[in-house]
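Peer 1: sequence plus the predicted model coming up.
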Amino acid sequence: MLTLSEDLTLPLLQVKSSLELLEEENFAKASARRHAEETRLNIGAGFQQIEAYKLLLASHELDNLPAEPLAVGSLLEDIAHKLTPYAKRYSTELQVSTQHRLAPVLVNQASITSALEVLSSSLIRAQAAQSEQKSYRLVLGAHRAPDNSIATGVFSDVHGLSDRTLRAARGLVGKARQPLPAIPAGAAAGVLLADMLCASLWQPLRAAAHDNLAGLATSLPASKQLKFV
């Protein structure tokens, strides 16, 4: 995918720019530390998308990915903790909001973790690029769906995401440079990667709402073997 390949190179270009600045003479130590931290975060973002792409390729090679019961709330807490340094770079506060007493879900842990991580990072960047606020909020949420599955996703003030735009983007993958025109460069590929990973697990992403915010969510099957008391 052209969009994916271009977005995967973005963190490397950011790293290159930071290193060029660090090579300048008389660079203040404080600035050097700041650029070193940005470089580390950019490298992490690049690895995150590459790992998601590797898992997507693996899902195409296997008929069924191994699934296990997972507590959605704990999963989202772990992702929020891991992404907090990246979110702070974009003045974003990460919050976890889950409906009370959700049943565990049955899913491949590596794939759903990667999908939600790359989706969160992409919406963090997209939200900051769409407005000039001093601070932002992004919610990793989960709630019980009408069919008793568990809807889990990422919710923010990102504009221009809907079921219609997602359907159009899926049809444009590999054909257009920017399948998701509403999402700034550098974030669209992450959304599409997350969508394809979720589709390989059970259901693709769809537009959803949670905690008075709009966002993108997937549905996961509740585990029939385990239930929390």
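Peer 2: Received the coordinates, thanks. Numbers count the residues shown, from 1 in each chain.
Peer 1: and the lengthiest helix in the chain, what's buried?
Peer 2: Assignment by DSSP state H gives helix 29-61 as the longest helix of the chain. The neighbour-count check on helix 29-61 (16 or more other CB atoms under 10 Å) flags 35, 38-39, 41-42, 45-46, 48-49, 51-53, 55-56, 59 as buried. Every C-beta, even on glycine, is put in place using the N, C-alpha and C of the backbone.
Peer 1: ok, whichever helix or strand comes after it: who's next to it in the sheet?
Peer 2: Sequence-wise, the next helix or strand downstream of helix 29-61 (DSSP states H and E) is strand 68-70. Sheet partners assigned to strand 68-70 using DSSP bridges are listed as strand 105-107 (antiparallel).
Peer 1: buried set for the partner strand?
Peer 2: In terms of neighbour count (16+ other CB under 10 Å), strand 105-107 has its buried residues at V105, L106, V107.
Peer 1: who's in contact with the second one?
Peer 2: Shown in contact with L106 (CB atoms under 8 Å, 6 or more residues apart in numbering): A67, E68, P69, L70, L220, P221, A222, S223, K224, Q225.
Peer 1: okay, now the fourth one: neighbour count?
Peer 2: Translated: L70. Burial of L70 is recorded as 20 neighbouring residues (other CB atoms under 10 Å).
Peer 1: before we move on, what about the first one?
Peer 2: Applying other CB under 10 Å, we find 18 residues neighbouring A67.
Peer 1: now swap in the third one and tell me
Peer 2: Around P69 sit 16 other residues, with neighbours defined as other CB under 10 Å.
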